[in-house]
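> Provide a 3D model corresponding to the input given below.
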Amino acid sequence: MTAAENVCYTLINVPNDSEPPSEVSLKTDLEKGEIKAKTEALKKVIIMILNGEKLPGLLMTIIRFVLPLQDHTIKKLLLVFWEIVPKTTPDGKLLQEMILVCDAYRKDLQHPNEFIRGSTLRFLCKLKEAELLEPLMPAIRACLEHRHSYVRRNAVLAIYTIYRNFEHLIPDAPELIHDFLVNEKDASCKRNAFMMLIHADQDRALDYLSTCIDQVHTFGDILQLVIVELIYKVCHANPSERARFIRCIYNLLQSSSPAVKYEAAGTLVTLSSAPTAIKAAAQCYIDLIIKESDNNVKLIVLDRLIELKEHPTHERVLQDLVMDILRVLTTPDLEVRKKTLQLALDLVSSRNVEELVIVLKKEVIKTNNVTEHEDTDKYRQLLVRTLHSCSVRFPDMAANVIPVLMEFLSDTNEAAAADVLEFVREAIQRFDNLRPLITEKMLEVFHAIKTVKIYRGALWILGEYCSTKEDIQSVMTEVRRSLGEIPIVENEIKKEAGEVKPEEEVNAAPAQKLVTEMGTYVTQSALSSSRPSKKEEDRPPLRGFLMDGDFFVAASLATTLTKVALRYVGIVPDKKRQNSFVAEAMLIMATILHLGKSSLPKKPITDDDVDRISLCLKVLSELSPLMNDVFNKECRKSLSHMLAVRLEEEKLSQKKESEKRNVIVQADDPISFMQLTAKNEMTSKEDQFQLSLLAAMGNTQRKEAADPLASKLNKVTQLTGFSDPVYAEAYVHVNQYDIVLDVLVVNQTSDTLQNCTLELATLGDLKLVEKPSPLTLAPHDFANIKANVKVASTENGIIFGNIVYDVSGAASDRNCVVLSDIHIDIMDYIQPASCTDAEFRQMWAEFEWENKVTVNTNISELNEYLLHILSSTNMKCLTPEKVMPSGSGQALSGICGFMAANLYARSIFGEDALANVSIEKPIHLGPDAPVNGHIRIRAKSQGMALSLGDKINLSQKKSVS
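Prediction:
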């Protein structure tokens, strides 16, 4: 075993630029120096031994000149020194000098100072030599009766570790500790003693717990936590004991310590599936979320509640607690609110949906009164979406929700207003009885809408669903009100010409300096003279959009006017009124066209918008029945089809979720009776305490695939050649935020290699945590070196380096073997994720880094290529597999010869990666022609966009088997 592999419990920072001192100077300092000099020398000795130096000549010097000193710092350093110094001869026998050390520690165990006694007892926990411990046993036992709790609790720890490693030295330890526990009053000493009994003699621990089970709620939290662990382990191993201890767990749910409550609730859920137990545990979790201020704690406990919900029988219990869960919305953190709303939505039922909607309506109204903040807007969006989902699942609630939400159409936050609009569109299509209410509310808020996108959507809804004569007249009135005086061009020219009110004229021209300091006149355009800024503010909303050059809204308005005009013609029999209404609609379209062609707007009208408005004018002039059908029936049919497909997708995803959760029991499955089950059969469930400990240490046991190629050997990288003097290979173990390189180094020569050092460097966003220690390799010997590399972001990284060594006895310079590069794969950090279409489009517009990859593959089928890209990049396809209207197949199957799909993934660091696949099959080149096209990747960071592009380039072609 090399020095680098020896177990050490103490970490010491070593400056890189310090020169290693000589053994002679250290000896002088240790013999003749002052206390301060001896302290510094001892520190240097410890560092040198940690780096692999032997220093056998200093052992006796330290025993003679340093060990007798009473300075506390030196005594503490000596404990570290005796921990790491070699204590045996090469043949495994204890060094003679260690007898003197043993005697010194026997005296320290009887020292009047409690710190020296306690720290010595802690040191003895780390000793692995039974010969050194044997003479100290009487002194260790005596420390159990010391007046100070620090000494007593460390004595318990020392007895526990000695009993665990060398039982023959203290065979009566459990009995001794049990007697100590009965009489002990200090909480920390009782906790250590009880912990020892749990692991050393569980029956004695249970006997003690039985005597004081009614006083458990009065104990300190550290002892309560250990009691929870004991109850869990006992009931896990022997389920018949559950009835004996479950009352104790119920009592611990009322503990004053949040940690105890959390562990007790988790234990209660694993021990009992009775509705009362689940309800008590869930209530405890909810209280913890509300009372704890740390958002991380809130998220962890929320995850436990979500886990509870996954169990079908527990879900029914949690449904009664939905209103309690909604209390968590008082937390300002958006992530907590998001999880809470999703959990409440999953648990909502016809019994509590009304109460849920009332609470959410109150929360929506609250967001309107709060000062604007980015999270407030996002929270409002979440609330709107939750209410939307509730109304779709429970149509009776829609009538209560719609009036409140429609107030937000006039919101300046476009995202929240767009969500409301989408909800209103779906509600007006699905619920015929609500159409008059929605139309009325829409006409009320129409003039207050501030954003053009929402304005377009509102126009479409009004044009599509206003069916009575009064509603159609109201739409025309609102449009005229929003457009202002027409013809628009003449009205605007009059304003430009200065035909304004006298009071505005006075304010219009403030005094200006028309001569510069140099004596020259200031050039001033007649048209740029100051005009009242009120003119801009007083401009009606629709006219404001048109003057800004947004004529897409004009095309939408033309369509709306055409729809209502055609409908008006069908409703009103009077020809004069028909012609009057149609003429008014045509006048509005004509004046907008005139405005678009003039130079007044900031941007001229586009050809597409001109074509659309002209088409609408033509339709109104001809009034053909075919066009009436297209405008008033086909549009609604398209919406209906889209909503039906979306509903089908939601039902399908819900069905998949419920299938995952439902525990399928076959008719001939055996029924297990707890009373008749053998003990060993009940231990099939995993020990939660053990699992959480492994997770904390980063040793989470992953289920290995059955495929032998998926084993660890698949991740071994060869670093040097077989003919090199030093052979090296590395196993790359990727954790979440760091990479562990386990490097095997083999000396293939007949010489001893000294100071054999692995030198590493990194390229990319990787950082080497520590420099591996030097080794000495015997002829044909081998050793393992571990190196940690921290990862900060998602991009391809490269680790490179070399191995340098000295040959024993040779006078030449240091030898060097260059290592092959280790490429860190981006796929280890990318996970499939999903987002809505609106979020995808927003991110696509915001992300500045784009990488365009040309498709170069040997795959000839579009769908096969898409699946190949998905599997090789860990991305998720967001484009749904919609059934085509003809029912002939699926949109993603590529039957039509081309395909476009959006892909999305998120890294473990929270970075988003978007991709758009646009591919086609060149039919003119034959049926076996490969797919061509391109893939556009967008990401926030350059590294991620480039790395993902490289990955796609490398894996585009399908390997021929």
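
> which intervals of the stretch 451-600 of the chain have sub-threshold pLDDT?
Within the stretch 451-600 of the chain, the segments meeting pLDDT under 70 span 496, 498-538.

> Do a quick rundown of the helices in it.
Taking DSSP state H, counting those that start in this stretch as the test, the helices found in the stretch 451-600 of the chain are 452-465, 469-483, 488-496, 502-508, 534-538, 541-547, 552-571, 575-597.

> now the ones you listed as JSON lines including distance to Ile830 and mean neighbour count?
(Each C-beta comes from the backbone N, C-alpha and C, glycine too.) Converted to JSON lines, the helices of the stretch 451-600 of the chain look like this (distance: least, C-beta to C-beta, whole Å; neighbours: other C-beta atoms under 10 Å):
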{"stretch": "helix 452-465", "distance to Ile830": "32", "mean neighbour count": "21"}
{"stretch": "helix 469-483", "distance to Ile830": "48", "mean neighbour count": "17"}
{"stretch": "helix 488-496", "distance to Ile830": "53", "mean neighbour count": "15"}
{"stretch": "helix 502-508", "distance to Ile830": "60", "mean neighbour count": "11"}
{"stretch": "helix 534-538", "distance to Ile830": "48", "mean neighbour count": "11"}
{"stretch": "helix 541-547", "distance to Ile830": "41", "mean neighbour count": "21"}
{"stretch": "helix 552-571", "distance to Ile830": "37", "mean neighbour count": "22"}
{"stretch": "helix 575-597", "distance to Ile830": "47", "mean neighbour count": "17"}
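
> how about a markdown table for those, with distance to Asp821 added?
Listed next are those as a markdown table, based on distance: least, C-beta to C-beta, whole Å:
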| stretch | distance to Asp821 |
| --- | --- |
| helix 452-465 | 50 |
| helix 469-483 | 65 |
| helix 488-496 | 68 |
| helix 502-508 | 72 |
| helix 534-538 | 62 |
| helix 541-547 | 57 |
| helix 552-571 | 53 |
| helix 575-597 | 61 |
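
> so which of those comes closest to Asn815?
helix 452-465 (69.4 Å; C-beta to C-beta).

> after the strand or helix carrying Ile306, next one along is what?
According to DSSP states H and E, Ile306 maps onto helix 295-310. Downstream of helix 295-310, the next assigned helix or strand under DSSP H and E is helix 312-319.

> Not counting its own residues, what contacts that next one?
273, 275, 278-279, 282, 305, 308-309, 325, 347-349, 351-352, 661-663 (C-beta atoms under 8 Å, 6 or more residues apart in numbering).

> Got a quick PyMOL command for the buried subset of those?
Here is the PyMOL selection string for the buried members of those, based on 16 or more other C-beta atoms under 10 Å:
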select buried, resi 278+282+305+308+309+325+347+348+352
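
> Out of the contacts of helix 312-319, list just those in helices.
Among the contacts of helix 312-319, the residues falling in helices (DSSP state H) are 275, 278-279, 282, 305, 308-309, 325, 347, 661.

> Using CSV, please lay out those together with distance to Gly897.
Below are the ones in helices among the contacts of helix 312-319 laid out as CSV (distance: C-beta to C-beta, whole Å):
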residue, distance to Gly897
Pro275, 58
Ile278, 55
Lys279, 58
Ala282, 54
Leu305, 49
Leu308, 50
Lys309, 45
Ile325, 50
Leu347, 46
Arg661, 41
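
> May I see those residues organised as JSON lines, with pLDDT added?
Compiled in JSON lines, these are given as follows (pLDDT from 0 to 100):
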{"residue": "Pro275", "pLDDT": "83"}
{"residue": "Ile278", "pLDDT": "86"}
{"residue": "Lys279", "pLDDT": "87"}
{"residue": "Ala282", "pLDDT": "87"}
{"residue": "Leu305", "pLDDT": "86"}
{"residue": "Leu308", "pLDDT": "84"}
{"residue": "Lys309", "pLDDT": "83"}
{"residue": "Ile325", "pLDDT": "85"}
{"residue": "Leu347", "pLDDT": "84"}
{"residue": "Arg661", "pLDDT": "55"}
